[in-house]
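Engineer: for reference, the sequence and a predicted model appear below.
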Amino acid sequence: MERRSRNVTGIIRKVSIYVLLVFITLVTVYPIVQIFGISLRPSDQLYSTSLKIIPDDATFEAYRTVLFEKDFFTWLRNSLIVALSVSIFGVALASTAGYAFSRFRFRGHRAGLVVILITQMFPATMLLLPLYVLMKRFGLIDTLLGIIIAYTATALPFCIWTMKGYYDTIPRDLEEAAVIDGTTQLGAFLRVTLPLSAPALTITGLFSYMAGWSEFIVARVIINRQGLYTLPLGLESLSSTFQTEWANYAAGSIIVCIPVVVLFLLLSKFLISGLTLGGVKG
Amino acid sequence: MAEVTFTNVQKIYSGNIVAATDINLTIEDKELLVLVGPSGCGKSTVLRMVAGLEDTTEGEIRFDGTVVNDLPPKDRNVAMVFQNYALYPHMSVYDNMAFGLKLRKYPKDEIRTRVEEAAGILGIDGLLERKPKALSGGQRQRVALGRSIVRKPSVFLFDEPLSNLDAKMRVQMRTEIRKLNLKIQTTMIYVTHDQVEAMTLGDRLAVMHEGRILQVGTPLELYDRPAERFVAAFIGSPAMNFIEGEITGTEAPEVRTSFTGIPIPKRFSETLRGYSERSVTIGIRPEDIYLEKPEIPEVNLHACPAAVEVAEPLGNEIIFHLKCGDKEIVAREPSQTTYSVGDTVELFLNLDRIHLFESETGRSLAAS
C-alpha cells in the first residue's frame, strides 16, 4: 500500500517535471523557430504578421542575399578577429591572474578579488561614455583593437573568478610533486595545473568568445567605419530608417547563431568537470 | 645515497608562528628515520624543508656535507610520497612514473627500463596504461612509490603515506615500504602520527612535540627509556599509566599518591637526592601491572586494591580499565585472566619497571 502511494507520488513528480521542461523548451525555442520562419519568407510576405512557421512559397533567397549581396564576409572576418582575440587574451590573462589569486597570498589579494567582482555590478551602458573618452584619448576609436580591449576587459572578471575557483579545487600537492619531480613552479603550472583545468579554460574561452561575437552597443559607439563592422553592427545596418528587410535580418541572425551553437556542441564534453578525480584520494 | 644533517634548523611562519625550532639531527646514509608526533607538531614542516618546499628560517640542512638550503627542489634529488598520493590525474600510470625522468631528459629506452623495473618491484606491471582514477587506494600508493623509485633519489621522503588506506592495506604497505628500504638502500625520512607505524618501520625514531625534537633513538630505546613524559605517553599502546604524587621520607623514600604510597626502588636514590617533598610522576606501562601475583624471582612488587571498570578482551590479551581510589589505571593481562566488571582485585605494580618524571617539566628522572 505504502509502496504504491510512493510510486504514484513519484509518477506525479516526474510528470510535472516533464511538463515544466516541455513548457520551458517551447518558450525558448519558439522565438528561434519564428525567426527561422521569417527568414524563409519570400519578399512579398515581408511585412506579414502571419504566425505560420513555414510560410507559403518558402525560399532561401534571403540567405543568398545576406551572404552574397551584403558585406557579410567582411563582418564575419571582423567578428572572427575580435572574438578570437578576445578569447585568446581572455584565457591567457584569466588563467594566469586566476592562478596568482588561487595560489599566492600577497598584499591586496582579497581587495583585488573584491574589486574585480564589483566591476561586474556596473551595467555596460553606464561605462559607455567613459569608455568612449578613454578610447578617444588612446586613438582607438574606429579600430578593432579598441573593441578587443573593451571586450577583454568586460569578460575578464568573470573569467578570473572562474579560473581561481577551479584552481582552488586542484590540490597543491600535485604541483609540489611536479616540483620535486624536477620542474619549476612555472613548469608545474604549465604541465600539471593547466592541462587539468581544461574544463575551466573551455568555459573561459567560450565566454570570452561570446563576449566578442554578439556584443552590439560598445561596438556601435567605438566603430563607425563600415569596413570595420562586426556581425551585430552589420545586421543592424540591414534595418534602415525607411525600410527593414526582415527576411534578410532574420537570415543573418540565424547564420550568426550557427557557429556559436556548433562551438557549444563541440566543446560540451570539455564542459563536464571531474577531470581531477583519481589523482588524489577521492 | 646521502647523509642528511640538520644544524639548528628553525622554521617560523609569518605571524611569528614557530613550526619547528632547535632541530639538530643527523640521518645516516641508508637509514630509515621516522619523524613521529601528534598533528601540528612540525614534523611535516621538517620534511618539507628537506624537500625544499619550505625555506628554513634559520640553520642549515646538509646532504653529505653540502648545504642545500638555497637549492630548489628539483636540484636536491629527493623524491616524496604524499599522503593523498598526488598522482597526475591526466597521465597514465606509466607517464606518472616517467614524468621525472622525462624532465631530466633521460633517453627513452632507459626510462622504459627503469619504469618497468620499478613496476616489477611493486607488482603494478599490469596497470601501466591505466589512469590513476581507475586504481584502488593501495595501487595508487604503489604508483606513487614507483614514481619515486625510478628517479633513484638520494633521499626518499614520506609524508604520512599510509593514512588514507584502510587498516589492512596499511599493514601490508608498511611491510612493503620496509622491504623497499632494505632493497634499494636509500636514506628515507618517514613522517607519521601513528606510533605503531613509527615503531615497526623505523631504524630510529625522532619524537616531535610543539616544534621540537624531544628524543631520538631506536624504537626500543624510546619504549624502555623515554627521556620525557610526553615520549613515554606517546609511544606504546595502550598508553603508559601516569600517577602523580609527592616524594616523602629520605631513608626509604616513597611517592605518596592519592590512593597509595609507592616505594621508590633503590636505583633512583642517586637521582632523587634533594628531591624530597617535590612532585613527581610515576610512569608504568600496562604490561607491568599484574592482576595476579606473577612468579618472577626477586621482583620488586607493590600491591594495592582496585576495582575492575571495563574489560576489553582482544583474543590474545585483555585490557583492563581499573579504578584505584580516584585514579584510573590500565593493565594488560593474559587472555586467561577471568575477572569481570565490578570485581575488586589486588593490583601488583612491578617497581623494577617504573619510570619517574619531574611533574613540573616532564623530564625523566632516569636511574643513574
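Structural biologist: Nice, thanks for sending it over. Bear in mind that the values here come from a model prediction, so they are computed numbers and not experimental data. Residues are numbered from 1 along each chain as shown, chains lettered A, B, ... in the order given.
Engineer: so where's the chain uncertain?
Structural biologist: Let's take chain A. Across chain A, the ranges flagged by pLDDT under 70 are A:1-3, A:43-48, A:51, A:240-243, A:270-282.
Engineer: to clarify, I was referring to chain B.
Structural biologist: B:1, B:367-368.
Engineer: which residue does it have closest to chain A?
Structural biologist: residue B:133 (2.3 Å; C-beta to the nearest C-beta). (Each C-beta comes from the backbone N, C-alpha and C, glycine too.)
Engineer: where's that residue relative to residue B:93, distance?
Structural biologist: 11 Å (C-beta to C-beta, to the nearest Å).
Engineer: between the two, who's got more neighbours?
Structural biologist: residue B:93 (26 against 15; other C-beta atoms under 10 Å in any protein chain shown).
Engineer: pretty sure the more buried one is touching residue B:129, no?
Structural biologist: Yes - the criterion here is C-beta atoms under 8 Å, and residue B:93 meets it with residue B:129 at 7.1 Å.
Engineer: in chain A, which spans are helices?
Structural biologist: In chain A, the helices defined using DSSP state H lie at A:2-39, A:61-64, A:72-103, A:109-119, A:124-137, A:144-168, A:172-181, A:185-188, A:194-196, A:198-213, A:217-222, A:231-237, A:246-271.
Engineer: phi, psi of the spatially closest residue to residue B:282 that is not a sequence neighbour?
Structural biologist: The shortest distance from residue B:282 to any residue other than its chain neighbours is 4.5 Å, reached at residue B:243 (C-beta to C-beta, 6 or more residues apart in numbering or on different chains). With angles defined as degrees, to the nearest 10, residue B:243 sits at phi -120, psi 120.
Engineer: residue B:243 and residue B:229, how far apart?
Structural biologist: 12 Å.
Engineer: again, but for residue B:189
Structural biologist: 26 Å.
Engineer: also residue B:84?
Structural biologist: Taking C-beta to C-beta, one finds residue B:84 at 34 Å from residue B:229.
Engineer: pretty sure residue B:5 sits against residue B:62.
Structural biologist: Yes - counting by C-beta under 8 Å, residue B:5 touches residue B:62, with 4.4 Å between them.
Engineer: with neighbour numbers in mind, choose between those two.
Structural biologist: residue B:5 (19 against 16).
Engineer: tell me what the host helix or strand of the more buried one is packed against?
Structural biologist: Assigned by DSSP states H and E, residue B:5 belongs to strand B:4-13. If you count contacts as 3 or more C-beta pairs under 8 Å, 6 or more residues apart in numbering or on different chains; DSSP states H and E, strand B:4-13 packs onto strand B:17-27, helix B:43-51, strand B:58-63.
Engineer: pick the most buried one from the ones you listed.
Structural biologist: Burial of the helices and strands packed on strand B:4-13 is given as mean neighbour count (mean count of other C-beta atoms under 10 Å in any protein chain shown); helix B:43-51 ranks first at a mean of 24.
Engineer: what helices or strands is the longest helix seen in chain B leaning on?
Structural biologist: For chain B, the longest helix by residue count, based on DSSP H, is helix B:167-184. With contacts taken as 3+ C-beta pairs under 8 Å, 6+ apart, helix B:167-184 sits against helix B:108-122, helix B:137-149, helix B:195-201.
Engineer: so which residues on the stretch 101-250 of chain B come close to chain A?
Structural biologist: B:103-104, B:131-135, B:137, B:140, B:147, B:151, B:164 (C-beta under 8 Å from any C-beta of the partner chain).
Engineer: for the spatially most central residue of chain A, list the residues it contacts.
Structural biologist: Centroid-nearest residue in chain A, with C-alpha atoms, centre = their mean: residue A:210, separated by 2.5 Å. Shown in contact with residue A:210 (C-beta atoms under 8 Å, 6 or more residues apart in numbering or on different chains): A:83, A:260.
Engineer: return the distance of residue B:188 relative to residue A:53.
Structural biologist: 74 Å.
Engineer: swap in residue A:115?
Structural biologist: 49 Å.
Engineer: ok, residue A:207 next?
Structural biologist: Counting by C-beta to C-beta, the gap from residue A:207 to residue A:53 is 32 Å.
Engineer: so between those two, which is more surrounded?
Structural biologist: residue A:207 (18 against 13).
Engineer: pretty sure that one contacts residue A:158?
Structural biologist: Yes - with contact defined as C-beta under 8 Å, residue A:207 reaches residue A:158; the gap is 6.2 Å.
Engineer: who's in contact with the nearest residue to residue A:230 once chain neighbours are set aside?
Structural biologist: Once flanking residues are discounted, residue A:230 sits nearest to residue A:79: 4.4 Å by C-beta to C-beta, 6+ apart. Shown in contact with residue A:79 (C-beta under 8 Å, 6+ apart): A:212-213, A:230-232.
Engineer: distance to residue B:45 for those - can I get that in TSV?
Structural biologist: What follows is these, written out as TSV (distance: C-beta to C-beta, whole Å):
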residue	distance to residue B:45
A:212	47
A:213	50
A:230	55
A:231	57
A:232	57
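Engineer: now, among those residues, which is nearest to residue B:11?
Structural biologist: residue A:212 (48.5 Å; C-beta to C-beta).
Engineer: can you tell me how far that closest one is from residue A:166?
Structural biologist: 22 Å.
Engineer: between those two, tell me which one has more neighbours.
Structural biologist: Neighbours were counted for residue A:212 and for residue A:166 using other C-beta under 10 Å; residue A:212 has more, 28 against 24.
Engineer: residues in contact with that one?
Structural biologist: A:79, A:82-87, A:147-148, A:151, A:155.
Engineer: next one: residue A:25 from residue A:32, what distance?
Structural biologist: 11 Å.
Engineer: find residues that contact each of the two.
Structural biologist: With C-beta under 8 Å, 6+ apart, residue A:25 and residue A:32 have no common neighbours.
Engineer: residues from the stretch 101-250 of chain A in reach of chain B?
Structural biologist: Checking the stretch 101-250 of chain A against chain B by C-beta under 8 Å from any C-beta, the hits are A:171, A:173-174, A:176-184, A:187, A:192, A:195-196.
Engineer: quick one, which of those are buried?
Structural biologist: A:171, A:173-174, A:176-183, A:187, A:192, A:196 (16 or more other C-beta atoms under 10 Å in any protein chain shown).
Engineer: would you mind putting these into a markdown table with distance to residue A:252 alongside?
Structural biologist: As requested, those are exported to a markdown table (distance: C-beta to C-beta, whole Å):
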| residue | distance to residue A:252 |
| --- | --- |
| A:171 | 48 |
| A:173 | 52 |
| A:174 | 47 |
| A:176 | 53 |
| A:177 | 52 |
| A:178 | 49 |
| A:179 | 52 |
| A:180 | 56 |
| A:181 | 53 |
| A:182 | 55 |
| A:183 | 50 |
| A:187 | 47 |
| A:192 | 44 |
| A:196 | 40 |
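Engineer: just these now: which is nearest residue A:267?
Structural biologist: Nearest member of those to residue A:267, counting by C-beta to C-beta, is residue A:196, at 16.8 Å.
Engineer: among the helices and strands packed on strand B:4-13, which comes closest to residue B:182?
Structural biologist: Going by C-beta to C-beta, the one of the helices and strands packed on strand B:4-13 nearest residue B:182 is strand B:17-27, 16.5 Å.
Engineer: and the angle for that closest one with helix B:43-51?
Structural biologist: 60 degrees (axes from the mean of the first three to the mean of the last three C-alpha atoms, to 10 degrees).
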